[in-house]
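*Asks:* How does the following fold in three dimensions:
(one chain, ligands or ions: 2)
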Amino acid sequence: MMLSDLRLPEDARIIAVGNEKGGAGKTTLSIHIILSLLYDGHKVCSVDIDSRQRSISHYLENRRRFMLNKNIRLPFPSHFIVNKSQLDSMEFSQRDEQQRFSKCLSAASKKGQFIVIDTPGNDTFLSRLAHSVAHTIVTPINDSFVDLDVLGRLDPSTFELEDSGVYGKMITKLQAHRRKLNQPKADWVVLRNRLSNLDANNKRQMAKAVEILSEHLGFRHGVGFSERVIYRELFLRGLSLLDLVDQETGIPTSMAHIAARRELQQFMQFLNLTGEPVHLGQPPLERHAAQAQPATA
Ligand SMILES: Nc1ncnc2c1ncn2[C@@H]1O[C@H](COP(=O)(O)OP(=O)(O)OP(=O)(O)O)[C@@H](O)[C@H]1O
Ligand SMILES: [Mg+2]
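*Replies:* Numbers count the residues shown, from 1 in each chain. Ligands and ions are numbered 1, 2, ... in the order given. Take a look at the predicted model:
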C-alpha cells in the first residue's frame, strides 16, 4: 500500500492533540475536548496512537469501571487504538501503520462526526500521520520557556525569533505542503496549560513570547487552563470537569471546579470545532509524513 492510498473520511472532523514535549497535558485535554463534544450531543470517536503509555485508553477504562461501580451511564466515546507496528523494516512498518491508521479512520468516521486523536509526546510515524490528516491541531504547552522551546527559540533580551523548534518546524512544513497542494491549512491552536497564579512575571513573559511565536508560526492562542489539582484527581475515576455537575456521579463541585469549567467552555468556544467543517480531500501530507523518519517507527 502506498501512502497515497490513505483514505480520509469526508464528513468527520479530525482533531489531533499534539506536542513533541511530554507531559504538556495532551491526554487531559483530549479527554476534555471529547467530553465537551459528547455533552453537547455530538457523536465522538477517540483514537489512541500512544501505544506505549495508553493513557487515554486507561482513562476511559477507569471511566467504564466508575460507571459499572456506580451503576450509572455517562457520555462515552467510541474508542479506537492504533498500535505501533512490530515489523522490523522501516518501509514495511510504516506501510503497516498507515494501513491500520487508515482503517481506523474509516471505521471511526462511520461512528462519529468528530475524531479526536491523542498523540504521544515524541515524534513517531503514527503521530505524523495524525497531524497530517487533522483539520484542527491542538497543542497544549506547560507555561514554561522549557516547553516553548519545541515551538521556537527567542532571543532572551530582544525576544526576536532565533529559530523554530522541532515541533514548530514540523507543523510549518505540514502547512506549507498543504498550501502547495492547494488544500486548506490545519487550524492550529496553542493552549497555555497549568497557568500559575503565583508567578505573574513568568506568566507575562510567556504571554509575550507566545504572542510573538504565534505571529511567526501562524497558530491561534486563547485563554489557557490554570494549574488545578482536580485534573490529577479525575484520572482514577475516568471523569472530566464536566461530569462533576452531573448529579449521578455524586461528586460535589467547588468554586474552583466551576472556574475550571468556565476555562474549558471558553476554550471550546475559541476552538470552534462546530464551525464550518474543512474538507481536505486526499491526505495533504503523505510526503511530509514520510520525509522525516520517526525515531521509533
Ligand atoms: N491544568 C492542569 N493542572 C494541574 N495538573 C495538570 C493540568 N493539566 C495536566 N495536568 C497533569 O499533568 C500531568 C501530564 O498531563 P497529561 O498526561 O495529560 O500530559 P500528556 O501531554 O498527555 O503527557 P505525555 O506526553 O506523557 O503523553 C498529569 O499528571 C495531569 O494530571
Ligand atoms: Mg498523553
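
*Asks:* For this protein, which segments count as helices?
*Replies:* 26-39, 55-70, 90-111, 125-133, 145-148, 166-180, 200-217, 229-234, 255-271, 286-291 (DSSP state H).

*Asks:* which strands and helices sit next to the first one?
*Replies:* Translated: helix 26-39. On a contact count with 3 or more Cβ pairs under 8 Å, 6 or more residues apart in numbering; DSSP states H and E, helix 26-39 meets strand 13-17, strand 44-48, helix 55-70, strand 114-118, strand 136-142, helix 255-271. (Each C-beta comes from the backbone N, C-alpha and C, glycine too.)

*Asks:* mind running it again at 10 Å?
*Replies:* strand 13-17, strand 44-48, helix 55-70, strand 114-118, strand 136-142, strand 187-193, helix 229-234, helix 255-271 (3 or more Cβ pairs under 10 Å, 6 or more residues apart in numbering; DSSP states H and E).

*Asks:* Just the buried residues of that helix, please?
*Replies:* For helix 26-39, burial by neighbour count (16 or more other Cβ atoms under 10 Å) applies to 26-39.

*Asks:* Filter those to keep only those in contact with ligand 1.
*Replies:* 26-28 (Cβ under 6 Å from any ligand atom).

*Asks:* Point me to the residue of this structure nearest ligand 1.
*Replies:* Gly121 (2.6 Å; Cβ to the nearest ligand atom).

*Asks:* Show me the shaky parts of the stretch 151-297 of the chain.
*Replies:* Where the stretch 151-297 of the chain drops to pLDDT under 70, the residues are 246-252, 276-297.

*Asks:* picking that back up, now do the residue of the chain closest to ligand 1, the pLDDT please.
*Replies:* Among the per-residue scores, Gly121 shows a pLDDT of 96.

*Asks:* who touches it in this structure?
*Replies:* Taking Cβ atoms under 10 Å, 6 or more residues apart in numbering, we find Gly121 in contact with 18-24, 26-27, 50, 52-53, 127, 150.

*Asks:* one more time with 6 Å, if that's ok
*Replies:* Contacts for Gly121 (Cβ atoms under 6 Å, 6 or more residues apart in numbering) come out as Gly22.

*Asks:* same check, this time on Leu161
*Replies:* Residues in contact with Leu161, defined by Cβ under 6 Å, 6+ apart, are 152, 154, 216.

*Asks:* how about 8 Å then?
*Replies:* For Leu161, the contacting residues are 152-155, 212-213, 216, by Cβ atoms under 8 Å, 6 or more residues apart in numbering.

*Asks:* From the residues you listed, keep the buried residues only.
*Replies:* Judged by 16+ other Cβ under 10 Å, buried ones among the contacts of Leu161: 152-154, 213.

*Asks:* which two from those end up farthest apart in space?
*Replies:* Of all pairs drawn from those, the greatest distance, 9.6 Å, lies between Arg153 and Leu213 (Cβ to Cβ).

*Asks:* Determine the number of other residues adjacent to the nearest residue to Arg237 once chain neighbours are set aside.
*Replies:* In space, Arg237 comes closest to Phe66 once its chain neighbours are excluded; the distance is 4.6 Å by Cβ to Cβ, 6 or more residues apart in numbering. If you count neighbours by other Cβ atoms under 10 Å, Phe66 ends up with 17.

*Asks:* Make sure Phe66 is actually in contact with Leu234.
*Replies:* No. Phe66 is not in contact with Leu234 according to Cβ atoms under 8 Å; the separation is 10.3 Å.

*Asks:* where does the spatially closest residue to Ser46 that is not a sequence neighbour fall, phi/psi-wise?
*Replies:* Once flanking residues are discounted, Ser46 sits nearest to Pro77: 4.3 Å by Cβ to Cβ, 6+ apart. As for Pro77, its main-chain torsions (degrees, to the nearest 10) stand at phi -80, psi 160.

*Asks:* Just the closest residue of the stretch 151-297 of the chain to ligand 2, please.
*Replies:* Nearest to ligand 2, among the residues of the stretch 151-297 of the chain, is Phe235, at 10.8 Å (Cβ to the ion).
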